[in-house]
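> Show me how the following folds:
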Amino acid sequence: MFQKKQKIYSETQGVCIVETIVQLPAGKGETVPYYVLKSVFDSSKVSYIPVNNHQVNLRELFTEEEARELLKNPELEKNELLKAAVDYVLQSRE
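Prediction:
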């Protein structure tokens, strides 16, 4: 489980900050926890992703070493969000 204010990578939004975790209604008086993700590149982009059983690929932000390895992958140029995330990690380490 990710923590509030943690930076992560979302396959649909790129680098995001977990703004908070909220409980949303799921029917029959039950609630389900959701991550509220805000893009670091466009603060107007906000996503609500269920904490459990989400279909969007979420992962911890890459390490510098992982980012450098991804630079060698020819598929990187085809995925703008992934490329931006790699650039973000490498620039924040400088």
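
> CA atoms for contacts and neighbours, from now on please.
Will do.

> contacting residues around stretch 36-54?
Contact partners of stretch 36-54, identified using Cα atoms under 8 Å, 6 or more residues apart in numbering, comprise 1, 13-22, 32-35, 56.

> Okay, domains of the chain per the record?
Following automatic domain parsing, one finds the domains of the chain at 1-61, 62-94.

> who's in contact with Phe33?
Let me fix one detail, which is that residue 33 is Pro and not Phe. Contacts of Pro33 were listed using Cα under 8 Å, 6+ apart, and they are 21-24, 50-52.

> Can you list which of those are found in strands?
Helix and strand membership here follows DSSP state E; of those, those in strands are 21-24, 50.

> Distance check, Leu58 against Gly27.
25 Å (Cα to Cα, to the nearest Å).

> more neighbours, these two?
Between Leu58 and Gly27, Leu58 has the larger neighbour count (other Cα atoms under 10 Å), namely 18 against 8.

> what about the chain, any weak spots by pLDDT?
93-94 (pLDDT under 70).
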